[in-house]
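Q: what's the 3D shape of this:
(4 chains)
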Number of protein chains: 2
Amino acid sequence: MANISDIAKLAGVSVSTVSRVLNRNPYVSESKRLAVQRVIDELDYTPNRLAVDLIRRETKSIGVILPYTNNQAFDQILHGILNRSVELGYTVTVLPTKYDAKQELGYMHMLKSKRLDGIVITSRSNPWEKLAPFAKYGTIVACEYVEHPEIGCAYLDRYASFVEAFALLKEKGHTRVAFTTARREQSSSTQLTIQAYRRVFGELPPEYHLSNCYNMDDGIRAARLLLDAPRRPTAVYANGDEVAAGIVQYVKSLHMLVPEDFAVIGQENQPVGIALDLTTVDHRLVQVGEQAFNLAIRKSADKIEIPYRLIVRKST
Amino acid sequence: MANISDIAKLAGVSVSTVSRVLNRNPYVSESKRLAVQRVIDELDYTPNRLAVDLIRRETKSIGVILPYTNNQAFDQILHGILNRSVELGYTVTVLPTKYDAKQELGYMHMLKSKRLDGIVITSRSNPWEKLAPFAKYGTIVACEYVEHPEIGCAYLDRYASFVEAFALLKEKGHTRVAFTTARREQSSSTQLTIQAYRRVFGELPPEYHLSNCYNMDDGIRAARLLLDAPRRPTAVYANGDEVAAGIVQYVKSLHMLVPEDFAVIGQENQPVGIALDLTTVDHRLVQVGEQAFNLAIRKSADKIEIPYRLIVRKST
DNA sequence: CTGAAAGCGCTAACAC
DNA sequence: GTGTTAGCGCTTTCAG
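A: Numbering: from 1, shown residues only, chains lettered A, B, ... in the order given. The predicted structure follows:
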């Protein structure tokens, strides 16, 4: 494969001149520029990007840390990031953790090893004390509110959104309300859900909180547990429309009615929720992704709140 | 930021020795190895990956070209690829084209510029004559059958699967059958669908083929067109469960029954299809992704067929 | 405008 | 075992 000095030799100029035409530097005589371009075309030459990035100390690529890639919520954020990255000529690398803290930390090292200019963290397993120090090697942007002055974030007021969803259920007369979450208490999102629950309903019976819910099957499993519970709840706030869909499916399989016998609220306004006419909280994750990406390439530590919206349909 | 020669100086050794301990080369005395490691830890040193990759001529990262029209099918393939890449310590970069041939070609250049070791093409907009030449710069793997001897592929027998789906509909007594596709005739998948249709039903009335279907809304739009058609079809084979879900939704909104009044088959066995109990053709796209990735890192040009399966549920 | 030369940070012969 | 040295392929002063 030809390199820059091959081009220089064949064009009868120095490598600096070739570099100049490559980078559209105006201080090149038209004659030499043409000569160089001819050789470049002839040899079908493309500069080695690794060499360029090495010396420029910039890769124009950012990473996205996410737990799962088959999860609709994270796909929405990723989608938002991709939207912007294509427009701006950036490259994005997907970094799936499955909530493995070690793995996650390993990805952060890509900032230090100069492979990535920045990282968007959609969900994390490490405490910020472990993550934040990497900010000196590259931009870190979070999709949750973070106090740290060096870390930008495009976040949503999850607490308020959870309170609103629970309040809707309470208004409808429900007093025995359950909810599902992905991870247990180690997750800040779960913490917030619990706090919101207490704010609206007071004490939380432990059997009303089901964790490890990620997809439809988990929803079915959750519904089974909930409907078999001694103090059977009359409504559930699911942590996603897929989980909600699983719950609805199980409820219907018992010939019970939604919402008359059992009310359900989902999250993220996904296709399955639309199809089933589920009430849902749309956290506008695509926008979160877009804003997060913007912060990342601007190397900004701004805090941007994205407004959510409650979509009331037929499942409540 | 410290570099390898800083480490060498502080540890009182040469850069080669540092390089050796970095790369776990056994020919280093225990004493020096310890000395070097101490300095590395002290300075919290991490090698610059760009420099390493530049000289090694390998990045351990592969790209995935996908249209990313928010189509869940491609997410499944991506998921399969990610599964394997994490296990093997590879990094994957997402390359969304929105079916823009120029953009796609631009991504292929990442092979030439040495940013990527290989590329998995899940769907393409350029003819293979344009794409194949890049095989000399890196491994190219396709998710469709490709004759080219230098291009590996993890493919499925789409033609057979389409024939099978149409045959199922025919068996059930349907004679007026429509179908939806994403792109028009420029896509090989669309071509195959048309061929399969003709094989089973003979002539294809133009109004029975609706293209530009990617999501649920498109499905609703398609259903409206289909049900308003003069020679109204009695069944449709949708190019995805989401599209199928949209169709079902519209059909039900007219108080018609599925499958009695209108039968529907989807594709890819997605959550929304499970929720709606749709008959579907599962092309096992996650497996396609896994196998494609394997081929990519093995730099293999093998052709691997992935078996599909028809899942008959309540919509036919 | 142009070129020589000094790196960027690392690996890998090749000697000793 | 260990160090010297020559690159990998490119950008960017700095003279002229």
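
Q: what parts of chain A come near DNA strand D?
A: Residues of chain A lying close to DNA strand D by CB under 7 Å from any atom of the strand are A:1, A:3-5, A:15-16, A:19-20, A:22-23, A:46-48, A:51-52, A:54-56. In this view, the C-beta of every residue, glycine as well, is placed from N, C-alpha and C.

Q: hmm, the helix or strand harbouring A:I7 touching chain B?
A: Using DSSP states H and E, A:I7 maps to helix A:4-11. No - residues of helix A:4-11 are not located near chain B by CB under 8 Å from any CB of the partner chain, the shortest gap being 12.5 Å.

Q: please enumerate the strands of chain A.
A: Applying DSSP state E to chain A gives strands spanning A:61-66, A:91-96, A:118-121, A:139-142, A:152-155, A:177-180, A:209-210, A:235-237, A:263-267, A:279-282, A:303-305, A:309-311.

Q: quick one: low-confidence ranges for the stretch 51-200 of chain A?
A: Along the stretch 51-200 of chain A, no part satisfies pLDDT under 70.

Q: elements contacting the helix holding A:I7?
A: With contacts defined as 3 or more CB pairs under 8 Å, 6 or more residues apart in numbering or on different chains; DSSP states H and E, helix A:4-11 has these neighbours: helix A:15-22, helix A:30-43.

Q: where does the record place the domain boundaries for chain A?
A: With domains defined by automatic domain parsing, chain A comprises A:4-56, A:61-156+A:286-306, A:158-282.

Q: can you add mean neighbour count and distance to B:I119 and give the ones you listed back as CSV?
A: As requested, the domains of chain A are arranged in CSV below (neighbours: other CB atoms under 10 Å in any protein chain shown; distance: least, CB to CB, whole Å):
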stretch, mean neighbour count, distance to B:I119
domain A:4-56, 16, 14
domain A:61-156+A:286-306, 20, 13
domain A:158-282, 20, 29
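
Q: how big is the angle separating the longest helix anywhere in chain A from strand A:263-267?
A: For chain A, the helix that runs over the most residues, judged by DSSP state H, is helix A:72-87. If you take axes from the mean of the first three to the mean of the last three CA atoms, to 10 degrees, helix A:72-87 sits at 30 degrees to strand A:263-267.

Q: helix A:72-87 vs strand A:61-66, what angle?
A: 170 degrees.

Q: contacts for helix A:72-87?
A: Helix A:72-87 is contacted from outside by A:62, A:64, A:66-69, A:90-92, A:94, A:120, A:122-123, A:143, A:240-242, A:267-268, A:270, A:283, A:285-294, B:68, B:70, B:75, B:94, B:96, B:98, B:103, using CB atoms under 8 Å, 6 or more residues apart in numbering or on different chains.

Q: and the angle for that helix with strand A:91-96?
A: Using the same axes, to 10 degrees: helix A:72-87 against strand A:91-96 is 160 degrees.

Q: now helix A:72-87: how far from the chain's centre is it?
A: 8 Å (CA atoms, centre = their mean, to the nearest Å).

Q: try stretch A:47-60
A: 27 Å.

Q: could you tell me the end-to-end distance of it?
A: 15 Å (CA to CA, to the nearest Å).

Q: check stretch A:96-106 too.
A: Termini of stretch A:96-106 sit 11 Å apart (CA to CA).

Q: that one near chain B at all?
A: Yes - for stretch A:96-106, a contact with chain B is found by CB under 8 Å from any CB, at A:P96, A:K98, A:Q103.

Q: my guess is the second one meets A:Y68, correct?
A: Yes - A:K98 sits in contact with A:Y68 when judged by CB atoms under 8 Å, with a separation of 6.7 Å.

Q: hmm, stretch A:215-235 touching chain B?
A: Yes - judged by CB under 8 Å from any CB, stretch A:215-235 comes into contact with chain B at A:N215, A:M216.

Q: now that stretch: average pLDDT?
A: Average pLDDT, stretch A:215-235: 94.

Q: what's the answer for stretch A:261-280, then?
A: For stretch A:261-280, the per-residue pLDDT averages 96.

Q: do it and chain B meet?
A: Yes - part of stretch A:261-280 sits near chain B under the criterion CB under 8 Å from any CB, namely A:P271, A:V272, A:I274, A:A275, A:L276.

Q: quick one: which of the residues you listed sit in helices?
A: Of the residues of stretch A:261-280 next to chain B, the ones assigned to helices by DSSP H are A:P271, A:V272, A:I274, A:A275.

Q: make sure A:T180 is actually in contact with A:Y214.
A: No - counting by CB under 8 Å, A:T180 stays clear of A:Y214, with 9.6 Å between them.

Q: return every residue with contacts to both of those two.
A: Common contacts of A:T180 and A:Y214 (CB under 8 Å, 6+ apart): A:V243.

Q: pLDDT wise, what is the closest residue to A:A238 other than its chain neighbours at?
A: Closest residue in space to A:A238, ignoring its immediate chain neighbours: A:A244 at 3.8 Å, by CB to CB, 6 or more residues apart in numbering or on different chains. pLDDT recorded at A:A244 is 97.

Q: so who does A:A244 touch?
A: By CB under 8 Å, 6+ apart, the contact set of A:A244 is A:G219, A:V236, A:A238, A:V264, A:I265, A:G266, A:Q267, A:G273, A:L276, A:L278, A:T280, A:S315.

Q: could the residues of stretch A:261-280 next to chain B be laid out in JSON lines, adding distance to A:H174?
A: Below are those laid out as JSON lines (distance: CB to CB, whole Å):
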{"residue": "A:P271", "distance to A:H174": "26"}
{"residue": "A:V272", "distance to A:H174": "23"}
{"residue": "A:I274", "distance to A:H174": "23"}
{"residue": "A:A275", "distance to A:H174": "24"}
{"residue": "A:L276", "distance to A:H174": "19"}
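
Q: quick check, nearest of these to B:F162?
A: Closest to B:F162 out of the residues of stretch A:261-280 next to chain B is A:P271 (23.1 Å), distances taken as CB to CB.

Q: and the closest one, how far is that from DNA strand C?
A: Using CB to the nearest atom of the strand, to the nearest Å, one gets 46 Å for the distance from A:P271 to DNA strand C.

Q: ok, now A:V286?
A: Relative to DNA strand C, and taking CB to the nearest atom of the strand, A:V286 is found at 37 Å.

Q: leaving out chain neighbours, which residue sits closest to that residue?
A: Closest residue to A:V286 apart from its sequence neighbours, by CB to CB, 6+ apart: A:G80 at 4.1 Å.

Q: which residues touch A:Q195?
A: Counting by CB under 8 Å, 6+ apart, A:Q195 touches A:Y159, A:F162.

Q: er, A:R158 I mean
A: Contacts of A:R158 (CB under 8 Å, 6+ apart): A:E144, A:S189, A:L192, A:T193, A:H283.

Q: make it 6 Å
A: A:L192 (CB atoms under 6 Å, 6 or more residues apart in numbering or on different chains).

Q: show me what contacts A:A292?
A: Counting by CB under 6 Å, 6+ apart, A:A292 makes contact with A:V120, A:V141, A:C143, A:A154.

Q: could you report the distance from the closest residue to DNA strand D within the stretch 101-250 of chain A to A:V120?
A: Closest contact between the stretch 101-250 of chain A and DNA strand D, by CB to the nearest atom of the strand, is at A:K114 (12.7 Å). Counting by CB to CB, to the nearest Å, the separation of A:K114 from A:V120 is 18 Å.

Q: same thing with A:I40?
A: Taking CB to CB as the measure, A:I40 falls 36 Å from A:V120.

Q: give me phi/psi at A:E260?
A: Phi and psi for A:E260, reported as degrees, to the nearest 10, are phi -50, psi -50.
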